[in-house]
Structure formats: C-alpha cells, structure tokens
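Colleague: using only what follows, build the 3D model:
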Amino acid sequence: MLFLRARIGFRALRELTIPAVIVSLALVGAAGYAFYELCDKAPQRFYLAGALAVLLLCFHLRRNDYAFCRKLLPHPYFLFLSEYFLVALPFLVLSLVKDPAPFDALYGMLPVVIAALPRVEGRFRQTAGPFRIPMPDLDTVSFFRRCGVLVWGLLALALALCFAPWVSVLLVYLLVLFSGSAFSQSESLALLCLEGLPAKKFLDRVIRRQILFWATLTLPVLAVYAVFHLDTAWQVLLPVVLCPLQIVASVSAKYRSYSPNRPISGPVSQSICMLGFLIPFFLPVSFILTFVYYRDAIRHLKTYLYAYDR
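Modeller: Predicted coordinates for the structure are as follows:
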C-alpha cells in the first residue's frame, strides 16, 4: 500500500511542468532552511513541534481513506505509522544534525502516538463545529465538512500561541486566505434565485455574511493577542484590513465565472490575485483585480438574476 502511494506520488510529480517543479523545489528548500535555522532556538522549537503535531493530528482525524484502509488491511496502524514517520523524518534528521535534544524523541514518538488514535465518525451539523455559530451558506458548510478539524485546530493553535509575536496574526491571516477554497463549486440556479435579489444586492449579501462569519471566529483570537502585546497591538490590523479583501476577492472570483452546477475555473489572473495576499510585491495587483472581479461578478450575475432587477 505504501509502495503504491509512492508510485502515485512520483507519477504526479512527473506530470508537473518544469516551472512547477522548480517552484516546488524552491519552496521545499526554503522551508528546510527556515526549519534548520529555527530548530536550535528555544521558543521556536516548541512552535515547530506543536505545528507538526497539530497538522498530523488533523490529517489523521480527517483522512478520507480511513474506512477503506480498515477494510483492506487487518491492521492499518502500521501503514499510518510509516506514513506519519516519513513526514516527521526530515524534522527528526534536521533536529539531530543541528542540536540533539529531547525534541528528537518527540519527533520520533509523534507518529507512534497519532497513528494509534482511533477515529470517531461524527455527524455534521450546519453549525461551525462544536459552537452554535450559524453558517452563512452551503459553501461554508461543505468547507467545514472537509476541513473543519483543521480550522478549529489552527484557531486553537493561534489562541495557544498568543504570547508569541506575529504567530497568531499570521495563522489567522492564512486561515482566512485558505477559506477561499470553499468557493470551488457553483450552486444550482434554483439556489441562486432562491432569495429573489438583484445581482449587486445578492453579491453584497454573500460577501457581508462571509465577513461577519469569519470575524466571529477570528476576532476573539486577535483580541487575546492584542492583550498579550499591547505595545504592538497594531499588528492585528493586518488581518482586520486584508482578510475582508480576501473574502471579497474569493467570492467575486467565484461569481464572475459562475455556471450552474459546475466547478469554478481558476485562471492565471485569479491565482495572481490570491498570490498578492501572500507576497507584498503583488498586493497592489490584488487590490486592482479584486475591484475588477467584483464588477465582473455583478455583470455576470445579471445574466441569471435579470428578472429581479428593479
């Protein structure tokens, strides 16, 4: 089974274009260098180990092939153990090379503990996880069904690391940016026309609901971070200002190419728009594309909601 996964992975790598391979290798190299530089500093070692544990735990609890592996293999524990050990192996090797410490035993034990955790199938409700926070639309419901554990894990990690400069702010910022992947499928025309609103009011309402929903989840974390860092509380302005623009860009990009019951296409301009929220050099381009997407989305929605124009 593990050999089959490796063959599929290598086949996927062979299908990548040369620029994609170069960018992927550059990102892996940059991540390895950053870990190598940070793994001998006391606070950062806790953050890196905690981040690895949260990611492995979220993947284990939400992996889609869990039931399939239990039916195919009498004891899938060793498969999960080998997979998670391969993920933790680079961290273990770099930690041993840089500065041998008890963290090496932690990286070695993480796969053993996480692979042994049983998965409990739960029923999903149209609420944001364990709290009664109504979700704004079906896209968000589908997103939380796929990635709900990851979302709550990142929020819990951000809340736990509020004492560290910038960490919680960046986690919240990246979480809202990642939430844009929820808008990857177009709803049916019946759902689009259900509220009976004209194009502009419909789009504004979707955007407003998304902003209020994510503000409800993230603002408490940012408030706690501001309490811990009163002198640099201005750092919370980064997600407060840019996260609503991310949501506007994601929603507008969906409805500018809306087609009932079909996946949303991702042109190069849309990728550049999202990239600008990660790389400051492209940020002005993202602002311009967000405005263009918003106007295009209104114009495109009018072809479906023309009956409600007043």
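
Colleague: how close does residue 301 sit to residue 295?
Modeller: Applying Cβ to Cβ, to the nearest Å, the value for residue 301 to residue 295 is 11 Å. For glycine as for every other residue, the C-beta is placed from the backbone atoms N, C-alpha and C.

Colleague: looking at the two, which is more packed in?
Modeller: residue 301 (20 against 12; other Cβ atoms under 10 Å).

Colleague: surely that one is in contact with residue 205?
Modeller: No. With contact defined as Cβ atoms under 8 Å, residue 301 does not reach residue 205; the gap is 11.7 Å.

Colleague: what residue ranges in the stretch 101-250 of the chain are flagged as low confidence?
Modeller: When residues are selected by pLDDT under 70, those of the stretch 101-250 of the chain lie in 101-108, 118-134.

Colleague: quick one, strands of it?
Modeller: Counting by DSSP state E, counting those that start in this stretch, one finds no strands in the stretch 101-250 of the chain.

Colleague: wait, residue 141 touches residue 135, no?
Modeller: Yes. Residue 141 is within contact range of residue 135, at 5.1 Å (criterion: Cβ under 8 Å).

Colleague: residues near residue 188, how many?
Modeller: The number of residues packed near residue 188 is 11, by other Cβ under 10 Å.

Colleague: show me the contacts for it.
Modeller: If a contact means Cβ atoms under 8 Å, 6 or more residues apart in numbering, then residue 188 has 260-261 as its contacts.

Colleague: with the one 3 residues further on instead?
Modeller: Listed by Cβ under 8 Å, 6+ apart, the contact set of residue 191 reads residue 138.

Colleague: any figure for the gap between it and residue 206?
Modeller: In terms of Cβ to Cβ, residue 191 sits 12 Å off from residue 206.

Colleague: also residue 291?
Modeller: Plainly put, residue 291 is 17 Å away from residue 206 if you go by Cβ to Cβ.

Colleague: with neighbour numbers in mind, choose between these two.
Modeller: Shown here are residue 291 and residue 206; by other Cβ under 10 Å, residue 206 has more neighbours (22 against 14).

Colleague: from residue 192, how far out is that one?
Modeller: 10 Å.

Colleague: same question for residue 77.
Modeller: According to Cβ to Cβ, residue 77 stands 46 Å off from residue 192.

Colleague: okay, the two: which has more neighbours?
Modeller: More crowded of residue 77 and residue 192, by other Cβ under 10 Å: residue 192, with 17 against 14.

Colleague: correct me if wrong: that one contacts residue 304.
Modeller: Yes. The criterion here is Cβ under 8 Å, and residue 192 meets it with residue 304 at 6.0 Å.

Colleague: next, show the common contact partners of these two.
Modeller: Common contact partners of residue 192 and residue 304 (Cβ under 8 Å, 6+ apart): 258, 260.

Colleague: closest to the centroid, which residue in the protein?
Modeller: residue 178 (3.4 Å; Cα atoms, centre = their mean).

Colleague: how near is that one to residue 171?
Modeller: 10 Å.

Colleague: before we move on, what about residue 248?
Modeller: According to Cβ to Cβ, residue 248 and residue 171 sit 21 Å apart.

Colleague: over to residue 25?
Modeller: For residue 25, the distance to residue 171 - Cβ to Cβ - is 26 Å.

Colleague: ok, these two, which is more surrounded?
Modeller: A direct count of neighbours by other Cβ under 10 Å for residue 25 and residue 171 places residue 171 higher, at 21 against 10.
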